[in-house]
Structures are given as C-alpha cells and as structure tokens.
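> I would like to see how this sequence folds:
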Amino acid sequence: MTELFQRIAIVGCSGGGKSTLARALAARTDLPLIHLDREFWQPGWKDKPPEAWLARHTALINEPRWIIEGSYAATLPERAAAADLIVFVDLPRWQCLWRILRRTLTTYGRVRDDMAPGCPERFNIAFLRYIWNFRAQNNPRIERAITCHEAVRLNTRQSVDVWLESIEP
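Here you go, the predicted model:
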C-alpha cells in the first residue's frame, strides 16, 4: 500500500472522523501526518493571512510523502492534484453533528492534538451551521476535485473501518 501511495489526502465534513482515520492510517503506513487545522489556524482562532496560508500549503503538498487531513476547499484542487490517493469521508450529517457535539463536550477548553496551539475547543453555532450545510456547499467541490484522481469514498463508519483494515501495515 505505501509503495503505491505516498501522498494521501483525507477530506470530508468536520466530525466525520478524518483525524481519527488519518492517525490510524499514519500508524499503519508510517507516512508523516499533517493536520491542516494545525497549519491554518493561529492562536485565538485567527486565520493565517491568505498569502502565508497558500505558501505553507504549497510547501506541504510538495513534500514527497504525507497524509494530509482536512478539507479546506480553496486549496483542495492543488492538494488533490498532488495526492496519489484521495479518501473522501462522507458520513451522514447527523453523525457529523453528533460527533462534534460529543467532542465539544469532552474536550471543551482544551487544545486537541490535531488543532493549532492557542485554539482550544469551543462551542460555536456558526461551526454547527457549517456542518449542517457542508454537503450542499462542499460536496460538489470535493467531487469535482477528485473526479480525475485515484479516490475512495467512505460513507459509513463500517466502510471506514473495513477500508482501514484492508491497508497492509
């Protein structure tokens, strides 16, 4: 598996399990793991300036080996073009919302390992709206970005688990 795929992009809605899958896949493949949330956000939930973000993203995708986890639609076409494999985690909206609410309750006020320093977990209605609207606003972009690339679409928790188990360490 790692001989075939040296650059794997994992995309999908927040709460879909991208980070969890990415950690497990990195452990199985020994590919370096990059969480885009750690790269994009600055302390206090401030966006990185656009030029700095694009430069950082370009540097990341030019590395020879990686698992990059995160959707970030504006930079997805470049990331998809650089990837050997795109994994689209497309779980139902209710499941993503439930997982985000559970995550918020269990990690509130703490900075997760997949998040940038200075960005503690918080309750954010706008973020819940983003998840609610993700399929309508982002799935068409993701589908366009992955059309001409090697891709797998996982739309249930079970399909994620089965696919991960199929990856030889």
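> and for residue 142, the neighbour number?
23 (other CB atoms under 10 Å). In this view, the C-beta of every residue, glycine as well, is placed from N, C-alpha and C.
> hang on, I meant residue 16
Counted with other CB under 10 Å, residue 16 comes out at 28.
> list the contacts of it.
89, 90, 91, 95, 96, 99 (CB atoms under 8 Å, 6 or more residues apart in numbering).
> what's the PyMOL syntax to select whichever of these are buried?
Here is the PyMOL selection string for the buried members of these, based on 16 or more other CB atoms under 10 Å:
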select buried, resi 89+90+91+96+99
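> contacting residues for the nearest residue in space to residue 6 that is not next to it in sequence?
Residue nearest to residue 6 in three dimensions, not counting chain neighbours: residue 65, with 4.7 Å by CB to CB, 6 or more residues apart in numbering. Residues near residue 65 by CB under 8 Å, 6+ apart: 6, 7, 31, 32.
> OK, contacts around the first one?
In other words, residue 6. So residue 6 contacts 31, 64, 65, 66, 84 (CB under 8 Å, 6+ apart).
> ok, now the second one?
Contacts here follow CB under 8 Å, 6+ apart; on that basis residue 7 touches 61, 63, 64, 65, 66, 68, 82, 83, 84, 85.
> okay, these in a markdown table with distance to residue 50 and pLDDT next?
Output for the contacts of residue 7, formatted as a markdown table (distance: CB to CB, whole Å; pLDDT from 0 to 100):
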| residue | distance to residue 50 | pLDDT |
| --- | --- | --- |
| 61 | 16 | 98 |
| 63 | 21 | 98 |
| 64 | 26 | 98 |
| 65 | 27 | 98 |
| 66 | 22 | 99 |
| 68 | 19 | 99 |
| 82 | 19 | 97 |
| 83 | 22 | 97 |
| 84 | 27 | 96 |
| 85 | 28 | 96 |
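> whichever of those end up buried, select them in ChimeraX.
The ChimeraX command for the buried members of those (criterion: 16+ other CB under 10 Å) is given here:
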select :61,66,68,82,83,85
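> all helices of the chain, in order?
Remark: helices assigned in the chain by DSSP state H are 18-29, 36-40, 50-61, 76-82, 93-107, 125-146, 157-166.
> packing partners of the last one?
In terms of contacts (3 or more CB pairs under 8 Å, 6 or more residues apart in numbering; DSSP states H and E), helix 157-166 is packed against helix 18-29, strand 151-154.
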